[in-house]
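> generate a structure from the sequence data that follows.
(chains A, B and C)
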Amino acid sequence: MDAKQYDHLQQSLSPKPSILKNCLKAFLVGGIICTIGQLITFFYITYFNFTEKTAGNPTVATIIFLTMLLTGFGVYKKIGQFAGAGSAVPVTGFGNSVISAAIEHKTEGFVLGVGGNIFKLAGSVIVFGVTAAFVVALVKLILVTMGVANW
Amino acid sequence: MDQGVIYFPSKPAIIASGVVAGPVEKKSVFAKDFDKFYDDERAEEDSNEKGHQTMAEQACQIALQKAKIKQNDVDFLMSGDLVNQMTPSNFAAATLQIPYIGLFSACATAVSSVIIASLLTELGGSRYALAGAGSQHNSVERQFRYPVEYGGQKPGTAQWTVTAAGYVLIAKGQMNSPVVEAATVGKVIDLQQTDPFHMGAAMAPAACDTITRHLKGRGQKLSDYDLIMTGDLGKIGLPILKEMLIKEGMAKQDVQKIRDAGAEYYGDDESFLAGASGAGCSASVFFSYILKQLNEKKMERVLAIATGALLSPLTVQQNESIPCTAHAVEISMK
Amino acid sequence: MLSSLIMAFIVGGLICVIGQLLMDIGKLTPAHTLTILVVAGAILDGFNLYEPLIDFAGAGATIPITSFGNSLTHGAIAEAEKHGWIGVLTGMFEVTSSGISAAILFGMIGALIFHSKGQHP
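Below you'll find the model as predicted:
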C-alpha cells in the first residue's frame, strides 16, 4: 500500500471534526467571555471614573487576572477543550498561553525557566503583531506623504 | 529466516513483573492487575521528571521483591522512556546500580527492551535482566505538545499519555513461568502521515507490517494465538490496523479479535478521546494483564505488539512526516 | 446597556468562529490562528475599520486578540501623525501595554503560586 492509498484508507476510518458544532461552541464561549469583558468595562466606568476609551486597559488586566486563577486551578484547559477558538481567540487565551508556560517551566528556575519560556507560545503573536503594525503604519505614512490617502 | 524474526530456543522466562501507575490510571480497566498506585502523579517528588524516575525505580523494585532477587544479582537493565535523552531511565539506573543500556523506541520500548533482555539471556550472558519502560503524562505532554495547563483544543483522534511504568524480570527458562518464544523487530514504516494528534493512523501501518512478518516467519496464523494485542493504536488506530490486515488477506473473524491496550485502557470515558498512549501504556498492560492471563493459564500463547511513533517536536515543526515502528514479542505458557 | 452586552456577545462570538474555522478547515495550530488574527487586526486598523467596530461592539471587539493588532497599529499611526517616520517605531506600544504587562505579571504570580500538576482530562 502506498502513502496515497493509505491516506485514503486512514481518512475513511477517522472521525471528522464536527465543524458546525465546534463553531457553535466557539461562538457561545467566545461571546460569553466578551460579554463578561463588557460587564467589567461597565464596572470600571460606573465606579472608577474611567471613560469608554480608557476602561479597556483595566478590563484586560482584570480578565487576565481571572485567567490566571482558571489556569492555575486547571479549569482553563477544560474550557479550552470544549470551546476551541472560543477561549483561544479572546485575550484570555493570550493570558493562558503565557501563564501556563510560566507555571510549566517553574521547575527550571525563575530566570531560565519562567523568564525564558513565558512567551514560548504567545511570543509569535507579539512578534507578528508588531511587524504587521510597523508595515501598516509605514505604508500609511508613505501614502499620506504622497497625498494619496488621509490619516 | 525472515527479516527481523528472532527465535529463542532456550525460552527465556518472565519470572516476575512490577507495574506502578498514577492517579488517573486508577480508572483504567486494567487497574486491578497493577501492583501499586501513586495518588500524586509526581510521586511526591518536586518535578514531573523525578516522579517519572521514582515510578520506574518502584516498578523494578516490585519485580525484584516478587522474585526474591537482590539488585546485585541482576546483570542487566534495559529501559527507556519518552523524555529527552531518557533521563528518568538514566537516573533510575543510577539508583538501581544495575548495568544499563537505555533504549529508545518511543512507545514501543516496553517490547524492544524485552527483546534485548531475552537475547542477552539466550546468549547465556545474563542470569537476571530487568526490562521495561514508562511514561509520565505531564513530562511527555510539555515536551511533545503544550504546557499541561494550556487550553488548546485536541481533536477526537488525540490520545492521552499514560502515567505508568512496567518492568519484567527475565531469567533462564523455568517451569511455571511465561516464556519468550520469539520476537519480531519492527521496521520503521513511514506512510507520510503528519498529524501529531492522530498517532493511531501514523502507527497502524508499522503494526500491520510487524504482525504480517511475524506470522510469516513463524509459519502461523492469527488463530494460533489466544490473544493478539497492540500497544497504543487507540480507538481509531485499531480499526485502521484491522482494515489493513483484512486487505492483506487475513481472515476477518480472526482479525476482529485483535485488541489494543490503548483503546481499552480508560474504558468508554470520552474525555480521554481516542484512548491511551505512551510507553507506559503498553508496558503497564502487557506486564500486568497479559502476564496474569498467562500465569493463571487462561491463555497459552499471546502476541504483544508495542507500537511507537518516532517523532520529535522538532521534526513536526519542520513539517516532516511521522516515522513509526512496532516490536512484537510472542509469549507462551505451558 | 443590555443592547451593548448583546452586541459584545455576537461580535466577539463571531470573531471566535473565524478563529475556529481557521483551525478546523485551515488545519492551523492555535499559534498560527492567533498570529493571523493579530495581523488581520493590524491591517484593518490601517483602513480605519477597527475603531468603528469597537464603537459598535465594545468588548466584543476589544477582548479578541485582533484588538491587539489594532492597538499596535493605532499607536504607531497616532505617533507617525505627530512625529513622522520615527513615530512608527516609537508609538507601537503606546496603547497596548496593559495586555502584555498584565500577562507577564500574572504569569509570574501564577508561577509562584501554582504547580504543573493535577492531571485530569
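> who are the contact partners of residue B:127?
B:73-75, B:171-172 (CB atoms under 8 Å, 6 or more residues apart in numbering or on different chains). Heads up, the C-betas are built off the backbone N, CA and C, glycines and all.
> host element of the residue in chain A positioned nearest to chain B?
At 2.3 Å from chain B, residue A:80 is the closest residue in chain A, using CB to the nearest CB. Counting by DSSP states H and E, the element that carries residue A:80 is helix A:76-83.
> please save the CA atoms from that helix in CSV.
Extracted as CSV, the C-alpha positions of helix A:76-83 are listed here (Å, rounded to 0.1, in the frame of the first residue of the first chain):
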residue,chain,number,x,y,z
TYR,A,76,-8.9,26.7,31.6
LYS,A,77,-7.7,23.6,29.8
LYS,A,78,-11.1,22.1,30.2
ILE,A,79,-12.8,25.2,28.9
GLY,A,80,-10.3,25.1,26.0
GLN,A,81,-11.1,21.5,25.1
PHE,A,82,-14.8,22.4,24.9
ALA,A,83,-14.6,25.9,23.3
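> and the longest helix along chain A, what does it pack onto?
Longest helix in chain A, counting residues (DSSP state H): helix A:19-48. Packing contacts for helix A:19-48, counted by 3 or more CB pairs under 8 Å, 6 or more residues apart in numbering or on different chains; DSSP states H and E, involve helix A:56-72, helix A:76-83, helix A:85-88, helix C:2-24, helix C:59-62.
> show the average pLDDT along that helix.
Helix A:19-48 comes out with an average pLDDT of 96.
> so what touches the helix or strand of chain C with the lowest mean pLDDT?
Least confident helix or strand, chain C: helix C:85-90 with a mean of 87, by mean pLDDT, DSSP states H and E. Identification of contacts with helix C:85-90 by CB under 8 Å, 6+ apart yields A:134, A:137-138, A:141, C:76-81, C:83.
> switch the cut-off to 7 Å
Helix C:85-90 has contacts (CB atoms under 7 Å, 6 or more residues apart in numbering or on different chains) with A:134, A:137-138, A:141, C:76, C:79-80.
> next, the buried residues of that helix.
C:87-88 (16 or more other CB atoms under 10 Å in any protein chain shown).
> where does residue B:186 sit: helix, strand or coil?
What DSSP: H, G, I helix; E, B strand; the rest coil gives for residue B:186 is coil.
> what segments of the stretch 151-300 of chain B are strands?
In the stretch 151-300 of chain B, the strands defined using DSSP state E, counting those that start in this stretch lie at B:160-161, B:164-171, B:179-184, B:227-230, B:259-260, B:276-277.
> do the fifth one and chain A meet at all?
No: applying CB under 7 Å from any CB of the partner chain, one finds that strand B:259-260 is not in contact with chain A, the shortest distance being 13.8 Å.
> what pairs with that strand, parallel or antiparallel?
Strand B:259-260 pairs in its sheet with strand B:227-230 (parallel), by DSSP bridges.
> give the rounded mean pLDDT of the strand it pairs with.
On average, strand B:227-230 scores 98.
> which residues of chain B lie near chain A?
B:47, B:142, B:147-157, B:191-192, B:198, B:201, B:205, B:236, B:239-240, B:243.
> mind showing which ranges of chain C have poor pLDDT?
Within chain C, the segments meeting pLDDT under 70 span C:118-121.
> residue contacts, the spatially most central residue of chain B?
Centroid check for chain B by CA atoms, centre = their mean gives residue B:282 as the closest residue, at 3.1 Å. Residue B:282 is in contact with B:107, B:110-111, B:231-232, B:261, B:306, counting by CB under 7 Å, 6+ apart.
> got the residues of the stretch 151-300 of chain B near chain C?
Counting by CB under 7 Å from any CB, the stretch 151-300 of chain B sits next to chain C at B:152, B:160, B:271-272.
> spatially, which two of these are the most separated?
The span of those, defined through CB to CB, is set by B:152 and B:272 at 16.1 Å.
> buried set for the helix holding residue A:80?
If you call a residue buried by 16+ other CB under 10 Å, then helix A:76-83 has these buried ones: A:76-77, A:79-83.
> possible to save the residues you listed as JSON lines with pLDDT and distance to chain C?
Output for these, formatted as JSON lines (pLDDT from 0 to 100; distance: CB to the nearest CB, whole Å):
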{"residue": "A:76", "pLDDT": "96", "distance to chain C": "11"}
{"residue": "A:77", "pLDDT": "95", "distance to chain C": "9"}
{"residue": "A:79", "pLDDT": "97", "distance to chain C": "12"}
{"residue": "A:80", "pLDDT": "97", "distance to chain C": "9"}
{"residue": "A:81", "pLDDT": "96", "distance to chain C": "8"}
{"residue": "A:82", "pLDDT": "96", "distance to chain C": "12"}
{"residue": "A:83", "pLDDT": "97", "distance to chain C": "8"}
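> neighbours around the residue nearest to residue B:222 when sequence neighbours are not counted, how many?
Nearest in space to residue B:222, with sequence neighbours left out and distances taken as CB to CB, 6 or more residues apart in numbering or on different chains, is residue B:254 at 3.8 Å. As a burial measure, residue B:254 scores 16 neighbours (other CB atoms under 10 Å in any protein chain shown).
> was I right about residue B:254 contacting residue B:224?
No: the criterion here is CB atoms under 7 Å, and residue B:254 misses it with residue B:224 at 9.4 Å.
> quick one, what contacts residue 79?
You didn't say which chain, so I picked chain A. A:29, A:87, B:151.
> other chain: chain C
C:87, C:90-91, C:94.
> between these, which is nearest chain B?
Looking across the contacts of residue C:79 and measuring by CB to the nearest CB, the closest to chain B is residue C:94, at 29.9 Å.
> from the residues of the stretch 151-300 of chain B next to chain C, list just the buried residues.
B:152, B:160, B:272.
> from the residues you listed, which is closest to chain A?
residue B:152 (5.9 Å).
> residue in the stretch 201-334 of chain B nearest to chain C?
Counting by CB to the nearest CB, the stretch 201-334 of chain B gets nearest chain C through residue B:271, at 3.9 Å.
> name all residues that make contact with the residue lying farthest from the centre of chain B.
Ranked by distance from the centre of chain B (CA atoms, centre = their mean), the top residue is residue B:151, with 28.7 Å. Applying CB under 7 Å, 6+ apart to residue B:151 gives the contacts A:76-77, A:79-80, A:87-88, A:93, A:96.
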